[in-house]
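Peer 1: sequence plus the predicted model coming up.
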Amino acid sequence: MDREWNDNQPIYRQLRDRIVAMILDGVLKEGDPLPSVRNVAAEYRINPLTVLKGYQQLVDEQLVETCRGRGMFINLGAHDLLLQGEREKFLTEEWPRIDATIRRLGLSADDLLNPARPRRRR
């Protein structure tokens with residue numbers, strides 16, 4: 001995980017997003033344990049309550065489960081659940097802005113698929 005935090009959103013949310021990215025990238029797999037709250041807090045020099053709040057969001061989203069005395073583990077099906085949610089979020093929130101920019105710049109599918117090829121003037 002990246003050690004830098006930005007000021008655009010709370011650290012607990014950034015931590016949650018980083019773990020989500022690790023699940024989607026296959027770094028953390030279903031059934032894997034999350035690093036302990038203490039270890040993450042010490043390694044990244046953040047308050048343990050901040051780590052716990054980020055982890056709790058994952059529990060609330062049913063991506064992670066807590067096993068008393070053993071820790072927190074990635075739930076079965078978490079990857080597919082995340083993939084579905086992230087795809088929907090991209091298509092509803094990000095794609096419309098990207099599409100508007102593509103249209104504004106007059107880019108074609110060929111321009112996007114072959115950016116190294118010189119563009120012909122129209």
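Peer 2: Looks like it arrived, so ask away.
Peer 1: can you give me the helices for the chain?
Peer 2: Here the chain has its helices, by DSSP state H, at 11-24, 37-44, 48-60, 78-89, 95-105, 109-113.
Peer 1: now the fourth one, how far from the centre of its chain.
Peer 2: Using C-alpha atoms, centre = their mean, to the nearest Å, the mean C-alpha position of helix 78-89 is found 10 Å from that of the whole chain.
Peer 1: what are the buried residues along that helix?
Peer 2: By neighbour count with 16 or more other C-beta atoms under 10 Å, helix 78-89 contains the buried residues 78-79, 82. All C-beta atoms are positioned from the backbone trio N, CA, C, and that covers glycine.
Peer 1: do the same with stretch 63-71
Peer 2: Taking 16+ other C-beta under 10 Å as the criterion, stretch 63-71 shows 63-64 as buried.
Peer 1: averaged pLDDT, it. What do you get?
Peer 2: Average pLDDT, stretch 63-71: 92.
Peer 1: residues making contact with it?
Peer 2: Applying C-beta atoms under 8 Å, 6 or more residues apart in numbering, the contact partners of stretch 63-71 are 20, 23, 33-34, 36, 55, 58-59, 72-75, 78, 81-82.
Peer 1: of those, which pair is most distant in space?
Peer 2: Ser36 and Leu81 (23.8 Å; C-beta to C-beta).
Peer 1: low-confidence ranges, this structure, go.
Peer 2: Low-confidence segments of the chain (pLDDT under 70): 1-3, 118-122.
Peer 1: would you turn the helices of the chain into JSON lines with distance to Trp5?
Peer 2: Shown next, in JSON lines, are the helices of the chain (distance: least, C-beta to C-beta, whole Å):
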{"stretch": "helix 11-24", "distance to Trp5": "5"}
{"stretch": "helix 37-44", "distance to Trp5": "8"}
{"stretch": "helix 48-60", "distance to Trp5": "10"}
{"stretch": "helix 78-89", "distance to Trp5": "21"}
{"stretch": "helix 95-105", "distance to Trp5": "25"}
{"stretch": "helix 109-113", "distance to Trp5": "33"}
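Peer 1: good, wrapping up.
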